[in-house]
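Engineer: pasting the sequence and the predicted coordinates here, then a few questions.
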Amino acid sequence: MLLQIPNVLSAEQVAQARQVLDQAAWADGRATAGYQSAKVKDNLQLPEDHPDARKLGDMIVAALERNPLFMSAALPMRVFPPLFNCYHEGQSFGAHIDNAIRQIKGTPYRVRTDLSATLFLSAPEEYDGGELVVEDTYGTHSVKLPAGHLILYPASSLHRVQPITRGVRIASFFWVQSMVQGDENRALLFDLDNSIQAIMRATPDHPAGVRLTGVYHNLLRRWADA
Ligand code: NI
């Protein structure tokens, strides 16, 4: 499931992030790449333990926790502390699949990367090229979103960032370990959750609403790690 989540950050929060990132001490993005992806990766990143990255990352995670669409779609167990990248003209990231397991630096914790997320921090007018291209069984999807919006997709997908032909593209990216490992199961639960909410809005007192909510939780109980 490929899902756009609008307005994860407000315009003020995007401006706050950009104020920091526009003058940040960027480093070579190959620092966090595996052996294969290092060969196709050409961008800049904030070091994982950079205080600015941690401060802005905490703001993003707090925003995600308040976002019902993210919570329902991702069913997060653990969110990798958000990282930040920057592509200048001519830079790109060729086709790759993200590493399955990520160690959170300076901690004993690991994240199994079930979902990948990109939070756009540059407005689409600020750059040309730079689309995130995700391939799944339904085809190839090209994604470029307004600043503050997020795309969530299965981390098992082959994806790339197209070369920038003008301007600068700044984004945050991170991974989520979900309580429900399988994408298909997560998609079913998301669909069921949305459907129950729509039914309950239309007919709040229908007795089947309680039973359907029970079905949701009984499926979650069957499929989730906690
Ligand atoms: Ni990637």
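Structural biologist: Thanks, I have the structure now.
Engineer: buried residues in the lowest-mean-pLDDT helix or strand in the chain?
Structural biologist: In the chain, the helix or strand scored least confidently by mean pLDDT, DSSP states H and E is helix 35-38, which has a mean of 81. Along helix 35-38, the positions that meet the burial threshold by neighbour count (16 or more other C-beta atoms under 10 Å) are residue 37. Glycine gets a C-beta too; all of them are placed from N, C-alpha and C.
Engineer: now tell me what touches that helix from outside.
Structural biologist: Outside of helix 35-38, the residues that reach it under the criterion C-beta atoms under 8 Å, 6 or more residues apart in numbering are 30, 93, 96, 98.
Engineer: let's have the residues you listed in CSV, adding pLDDT, distance to residue 83 and neighbour count.
Structural biologist: Converted to CSV, the contacts of helix 35-38 look like this (pLDDT from 0 to 100; distance: C-beta to C-beta, whole Å; neighbours: other C-beta atoms under 10 Å):
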residue, pLDDT, distance to residue 83, neighbour count
30, 87, 13, 15
93, 96, 13, 21
96, 94, 15, 18
98, 93, 11, 18
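Engineer: name the element residue 17 belongs to?
Structural biologist: In this structure, residue 17 is located in helix 11-21 according to DSSP states H and E.
Engineer: list of residues touching that helix?
Structural biologist: Taking contacts as C-beta under 8 Å, 6+ apart, the residues outside helix 11-21 that touch it are 9, 46, 52, 55-56, 59, 63, 84, 86, 121, 147-148, 170, 172.
Engineer: can I get the top strand by length along the chain in CSV, CA atoms only?
Structural biologist: Scanning the chain for the strand with the most residues, using DSSP state E, yields strand 169-178. C-alpha atoms of strand 169-178 as CSV (Å, rounded to 0.1, in the frame of the first residue of the first chain):
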residue,chain,number,x,y,z
ARG,A,169,15.3,19.1,-2.6
ILE,A,170,15.2,18.7,1.2
ALA,A,171,13.3,15.9,2.9
SER,A,172,13.1,13.8,6.0
PHE,A,173,13.1,10.0,5.6
PHE,A,174,12.7,7.2,8.1
TRP,A,175,11.4,3.7,8.7
VAL,A,176,8.6,2.2,10.8
GLN,A,177,8.5,-1.2,12.4
SER,A,178,4.8,-2.0,12.4
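Engineer: next helix or strand past that strand?
Structural biologist: Per DSSP H and E, the first helix or strand lying C-terminal to strand 169-178 is helix 183-202.
Engineer: hmm, who's touching that following helix?
Structural biologist: Residues from elsewhere that reach helix 183-202, judged by C-beta under 8 Å, 6+ apart: 1, 72-75, 114, 154, 156, 178, 180, 206, 208-209, 212-213, 215-216, 219-220, 223.
Engineer: what about 6 Å?
Structural biologist: Under the criterion C-beta atoms under 6 Å, 6 or more residues apart in numbering, residues 1, 72, 73, 154, 180, 209, 212, 213, 216, 223 lie in contact with helix 183-202.
Engineer: now for those: which two are most distant?
Structural biologist: Spatial extent of the contacts of helix 183-202 (C-beta to C-beta) is set by the pair 154 and 209 at 30.3 Å.
Engineer: same drill for the two, tell me which one is more crowded.
Structural biologist: Set side by side, residue 154 and residue 209 show more neighbours around residue 154, with 20 against 15, by other C-beta atoms under 10 Å.
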